[in-house]
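Chemist: sequence? don't have it. structure:
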């Protein structure tokens, strides 16, 4: 019986997965709008900071695009960046030197997600990009909506 319990325990430890991932809200981002991503890193050894984040062209040429990183909880981060007037094409978001535990071992990996920068005449910008409600505080926010495109846009808020 002891052997069976140890076997089940060992099986559970071996099948634990980290599920570390970078999720882009859109794969095509318009110039002037925001790149938005959720970073999910369970079992982090060292917290993620903006120093871990880079945006590069697809050919690994560096860019000067900065990011803003908000910690949501111990495992999740929200990242956003306004895409400036840059060359359209393929880019990648890189989260580098992520240190985490997986199956009781310390690992360090880089995570990459590719996206495309496009230029479109239909452009609606909404700020703030992230709103965090505190349950024990009075919550108030101002929503700023700007039409930066050439076409008129209909907006419905519910």
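Modeler: Perfect, thanks for sending it. This one's a predicted model, so the numbers in the text were calculated from it and none came from an experiment.
Chemist: quick one: strands adjacent to the helix or strand hosting residue 107?
Modeler: Assessed by DSSP states H and E, residue 107 sits inside strand 105-118. The pairing partners recorded for strand 105-118 under DSSP bridges are strand 28-30 (parallel), strand 89-102 (antiparallel).
Chemist: which other residues reach that strand?
Modeler: Counting contacts by CB atoms under 8 Å, 6 or more residues apart in numbering, the residues outside strand 105-118 that touch it are 20-24, 26-31, 35, 37, 39, 45, 58, 83, 86-101. All C-beta spots, glycine's among them, are computed from the backbone N, C-alpha and C.
Chemist: cool, and stretch 52-66?
Modeler: Applying CB under 8 Å, 6+ apart, the set of residues contacting stretch 52-66 from outside is 35, 50, 67, 69, 79, 81, 83-84, 86, 89-98, 114.
Chemist: Taking those, please make a ChimeraX selection of just the buried ones.
Modeler: Of those, the buried ones go into a single ChimeraX selection, burial set by 16 or more other CB atoms under 10 Å:
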select :35,67,69,79,81,83,91,93,94,95,98
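Chemist: now the helices for this structure?
Modeler: Applying DSSP state H to the chain gives helices spanning 2-15.
Chemist: quick one: pLDDT of residue 137?
Modeler: If you check residue 137, the pLDDT there is 70.
Chemist: Number the chain from 40, please
Modeler: From this message on, residue numbering opens at 40, which makes the last subject residue 176.
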